[in-house]
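Visitor: only geometry, no sequence info:
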């Protein structure tokens, strides 16, 4: 019997993990609901990989609790989890069919069902002709496609994606995006980790940012942007960059091609900046936006490492 709030979700509650005296994960809590894509972010060494391993049941000597659909994570339910790792773990001497059958059987599938699902996914990813090719004969991008197939062939309830677009060209990135969003629509819980913040913004409504194993920022992306406070003004026209930088509330001014990006401390300074800019001729653009997730990440994480 599931708890009312624990129904159809992954829950990580007050989890702490030590390696000897090193605290790799520090009192971490978050939840991922059915049909939700959750961002788990941080620099290398922040605790993401350890968190993934605990969720998959590969590490069990931690304090706190991790449950999937109300059941404690254990070997018995890890068949419900799929994982696309950043490092390729394919057996390169096998054919695509042999490789996927190997993973599918490990997840409790029969061979006929494996081949049926494989055919569908190969067609979606435009690589059906490689079904009987050896992994080592494929390009890095196509190997990444096979890696994704091995992670989702058994239709997991929870899918962990660690740098899923690694090695992909723009066309194949779009194929992956479409497939990931389709999995979300079908109710798959997805944990998404990437250093490409524009991809995180595209997929994730909620996220947590880790620094040295501790969550320093978590919640809905829209609330994180609101609470961050800073704004970004984009200006097109002939202005004196140095004079703009001297105005109250201005953090930085950066020229990008024919435009200027002006970071300000809060929306309270917008009116004064607009008044100052109005004295210049040929101003063709003045827009105010929230900062990107990348700008927030650099500011918050950088500040933590400076302290």
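Guide: Sure, I can see it. The shown structure was predicted, so the numbers you read here are calculated from the model rather than taken from an experiment.
Visitor: now residue 249, nearest residue through space, not along the chain?
Guide: With CB to CB, 6 or more residues apart in numbering as the measure, residue 269 is the residue that lies nearest to residue 249, at 2.9 Å, once sequence neighbours are left out. In short, each C-beta sits where N, CA and C put it, glycine included.
Visitor: ends of stretch 215-228, how far apart?
Guide: The straight-line separation of the ends of stretch 215-228 (CA to CA, to the nearest Å) is 16 Å.
Visitor: So for it, what gets flagged as buried?
Guide: In terms of neighbour count (16 or more other CB atoms under 10 Å), stretch 215-228 has its buried residues at 215, 217, 218, 221, 224, 225, 228.
Visitor: Redo these as JSON lines? Include pLDDT.
Guide: As requested, the buried residues of stretch 215-228 are exported to JSON lines (pLDDT from 0 to 100):
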{"residue": "215", "pLDDT": "96"}
{"residue": "217", "pLDDT": "93"}
{"residue": "218", "pLDDT": "95"}
{"residue": "221", "pLDDT": "94"}
{"residue": "224", "pLDDT": "93"}
{"residue": "225", "pLDDT": "91"}
{"residue": "228", "pLDDT": "91"}
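Visitor: Need the max-distance pair from those.
Guide: Greatest spatial distance in the buried residues of stretch 215-228: 215 and 225, 17.3 Å, computed using CB to CB.
Visitor: just checking, residue 38 touches residue 192?
Guide: Yes. In this structure residue 38 lies within contact range of residue 192 using CB atoms under 8 Å: 6.8 Å.
Visitor: who's more crowded, those two?
Guide: residue 192 (24 against 21; other CB atoms under 10 Å).
Visitor: what's the distance between that one and residue 33?
Guide: Noted for residue 192: a distance of 14 Å to residue 33, by CB to CB, to the nearest Å.
Visitor: Report the contact partners of residue 236.
Guide: Residue 236 makes contact with 258, 259, 260, 283, 284, 285, according to CB atoms under 8 Å, 6 or more residues apart in numbering.
Visitor: ok, of those residues, which one's closest to residue 134?
Guide: For the contacts of residue 236, with residue 134 as the reference and CB to CB as the criterion, the closest is residue 259, at 49.3 Å.
Visitor: still on that earlier bit, find residues that contact each of residue 38 and residue 192.
Guide: In contact with both residue 38 and residue 192: residue 204, using CB under 8 Å, 6+ apart.
Visitor: Just the helices from this structure, written as ranges.
Guide: Per DSSP state H, the chain has helices spanning 48-55, 96-106, 111-124, 140-152, 170-185, 197-203, 221-228, 241-245, 270-277, 293-306. These are given in chain order.
Visitor: Now do the residue nearest to residue 249 against residue 291, distance only.
Guide: 14 Å.
Visitor: cool, and residue 196?
Guide: Counting by CB to CB, the gap from residue 196 to residue 291 is 16 Å.
Visitor: Comparing these two, which residue is more hemmed in?
Guide: Using other CB under 10 Å, the more surrounded residue of residue 196 and residue 291 is residue 291, with 19 against 14.
Visitor: surely the more buried one meets residue 234?
Guide: No. Counting by CB under 8 Å, residue 291 stays clear of residue 234, with 11.8 Å between them.
Visitor: neighbour-wise, which of the contacts of residue 236 leads?
Guide: residue 260 (20 neighbours).
Visitor: What's opposite that residue in the beta bridge?
Guide: residue 235, residue 255 (DSSP bridges).
Visitor: what separates it from residue 12, distance-wise?
Guide: Using CB to CB, residue 260 is found at 42 Å from residue 12.
Visitor: same check, this time on residue 232
Guide: Taken as CB to CB, the span from residue 232 to residue 12 is 33 Å.
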